[in-house]
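>>> Coordinates for the following, if possible.
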Amino acid sequence: MSEAVLSLRGLNHNYGEVAALSGVDLEVGPGEAVALLGPNGAGKSTTVSILLGLLDPDQGTARVCGRGAREAVRAGLVGAMLQDAGLPANATVGELVGMFAALYPKPIQPAAALAMAGAADLADRKSDALSGGQAQRVRLALALVGDPTLLVLDEPTSAMDPEARRAFWTALRTQTAEGRGVLFATHHLDEAQAIADRVVVLAGGRVVASGTPAEVAKLGGQNLIRAYVPDAVAAELTGLAGVASAIDEPDGRTLLRCTDSDRAIRTLLAAHPEASRIEVRETALEDAFLALAEGGWRGGTPGGGDVAGRAARDANAAFASQDGRTATDHANLELTR
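The predicted structure is shown next:
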């Protein structure tokens, strides 16, 4: 692989006695899209602040294209699209993108940046007359106009409908095809699974899982079985052959994470022939996220016992308080926006 677009090595950072980051390593290669996931308090915001040169780590290094973070930002090598970034009022979109272009040493044409972001039709629109999805496309144009090598995106498709989300990621894929690296945080786990080349999960200031979406999804078990099993509780079903863990769900069924789903379903029906409403499916990224949470966010080991401080307590408290929501809802609620 060519030189990494982004390289974070051994990042440590404390806020007083609270360890926000503990030994975080992260890389983004040219043309690679990496999703950054994690529960509340995981350290994602601190990581992004460091790579944007807004914060110095207590220990470790942050390099963008071989340069220090601040130098890289000044050189226009980093474009950032932050979810809560406002847009100045009383200006047209075209005027805003032109103003931002003037801040960079080697910008692209504002009209080209708008076209790349799928926002060419908004050039004459006032910034305070944009819908949420339109404003996100404009923010992407502002991130692109400096012709960056690395794009950093925070919840880029919030406020977008499904069709707009698909169009947005089509535009972003064009950027990675041209060699730009992309690091994005999202609470849409299906989006991370579909778009990212790699997924990095932070919790308690540490990287607890990293790999392709398929590799991280496997942390949720080989397959999942959901079933209504009268007069049985999760603790009892955990002991079945082929079952790694079990959890009772709000709809009255039990979710079994399996090491061998074929064996698990045979032993389930042998021990509980009255089981019904049985569903078997492959694991997804959300399942790995939930499995890591249930295991106390122990790195790469769902069901493990080491609790990664506040992140695990926040996750478990959130699960306990959200009765009636689906597993996807639980996972999405756990991601910071």
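>>> Which residue ranges make up each domain of this protein?
By the assignment in automatic domain parsing, the chain contains the domains 6-215, 216-334.
>>> weakest of those in terms of mean pLDDT?
Mean pLDDT is lowest for domain 216-334 among the domains of the chain, at a mean of 73.
>>> pull the longest helix from this structure.
In the chain, assigned by DSSP state H, the helix with the most residues is helix 162-177.
>>> Return the distance of it from the chain's centre.
When distances are taken as C-alpha atoms, centre = their mean, to the nearest Å, helix 162-177 is centred 16 Å away from the chain's centroid.
>>> cool, and stretch 73-86?
For stretch 73-86, the distance to the chain centre is 18 Å (C-alpha atoms, centre = their mean).
>>> just stretch 149-164 next, same as before
Remark: stretch 149-164 is offset 11 Å from the chain centroid, using C-alpha atoms, centre = their mean.
>>> hmm, back to that, next, the buried residues of the longest helix of the chain.
164-165, 167-169, 171-172, 175-176 (16 or more other C-beta atoms under 10 Å). C-beta coordinates here come from the backbone N, C-alpha and C atoms, glycine included.
>>> Tabulate those residues (TSV), appending distance to Gly10.
Converted to TSV, those look like this (distance: C-beta to C-beta, whole Å):
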residue	distance to Gly10
Ala164	39
Arg165	35
Ala167	39
Phe168	34
Trp169	32
Ala171	34
Leu172	29
Gln175	29
Thr176	27
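>>> could you dump the longest helix of the chain to CSV, C-alpha only?
Presented in CSV, the C-alpha positions along helix 162-177 are these (Å, rounded to 0.1, in the frame of the first residue of the first chain):
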residue,chain,number,x,y,z
PRO,A,162,-32.9,7.0,1.9
GLU,A,163,-32.7,8.2,-1.7
ALA,A,164,-30.5,11.2,-0.8
ARG,A,165,-28.3,8.9,1.3
ARG,A,166,-27.7,6.6,-1.7
ALA,A,167,-26.8,9.6,-3.9
PHE,A,168,-24.5,11.0,-1.3
TRP,A,169,-22.5,7.8,-1.0
THR,A,170,-22.4,7.4,-4.7
ALA,A,171,-20.7,10.8,-4.8
LEU,A,172,-18.3,9.8,-2.0
ARG,A,173,-17.3,6.6,-3.8
THR,A,174,-16.2,8.7,-6.7
GLN,A,175,-13.8,10.5,-4.3
THR,A,176,-12.3,7.3,-3.0
ALA,A,177,-11.9,6.0,-6.5
